[in-house]
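# 3D model of this:
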Amino acid sequence: TRVVFCTPSPQRNFNERKLDQDTTAARSLPEHLELDVRRKKALWRCKQRGWVEIDLLMGNWAAENIPKMDDSQLEELELIIAQENPNLLNWLLGHDTVPKELNNETMKSMIAYVTEGQKEWTVGGNQ
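A predicted model of the protein is given here:
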């Protein structure tokens, strides 16, 4: 067998160098760009929930509505998309009552979108 000896590398002191400014992306972006990043993340979360039913319902609603949302509306949406899929599906389909803290204008808009009838992307929706 062959034995290899390594000399220990010098210890680095990570406190030696401090940054003069905060380098996190969210804090360094101008406000309108930060809002755009939040919109993109919310759109992704609405389209990629992992359940095809919710992906279609929330994803299509989000594609139509997120681009025109302001900060407060995005906050409402972020609260909604943090919920579990079974609860969301039951609320959107009207099987359960939406909790008071989530019964905001954004949730009402989603429910109206889901319940207003057939969509073009559903089977037979464009006939």
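# ok, Leu89 - contacts?
Trp51, Glu53, Ile54, Leu57, His95 (CB atoms under 8 Å, 6 or more residues apart in numbering). Where you see a C-beta, it was placed from the backbone N, CA and C, and this is true even at glycine.
# try 10 Å this time
Arg49, Trp51, Glu53, Ile54, Leu57, Met58, His95, Asp96, Val114 (CB atoms under 10 Å, 6 or more residues apart in numbering).
# what about it, helix or strand, and which?
helix 85-93 (DSSP states H and E).
# any chance of the contacts of Leu89 in TSV, plus neighbour count, pLDDT and distance to Leu74?
Converted to TSV, these look like this (neighbours: other CB atoms under 10 Å; pLDDT from 0 to 100; distance: CB to CB, whole Å):
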residue	neighbour count	pLDDT	distance to Leu74
Arg49	20	91	17
Trp51	13	92	22
Glu53	13	90	24
Ile54	19	92	19
Leu57	22	91	19
Met58	28	94	14
His95	9	93	27
Asp96	13	95	24
Val114	19	90	20
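# Looking at these, which is nearest Asn65?
Distance to Asn65 across those (CB to CB) is lowest for Met58, with 10.2 Å.
# Spell out, range by range, the strands that occur in this structure.
Counting by DSSP state E, the chain has no strands to list.
# which stretches of it aren't confidently modelled?
Where the chain drops to pLDDT under 70, the residues are 1-30, 117-127.
# biggest helix in it, by residue count?
helix 31-47 (DSSP state H).
# Can you list the neighbours in contact with it?
For helix 31-47, the external contacting residues (CB under 10 Å, 6+ apart) are 25-30, 54-63, 65-71, 73-75, 77-78, 80-82, 110.
# ok, 7 Å please
26, 29, 55, 58-59, 62-63, 66-67, 69, 71, 74, 77-78, 81 (CB atoms under 7 Å, 6 or more residues apart in numbering).
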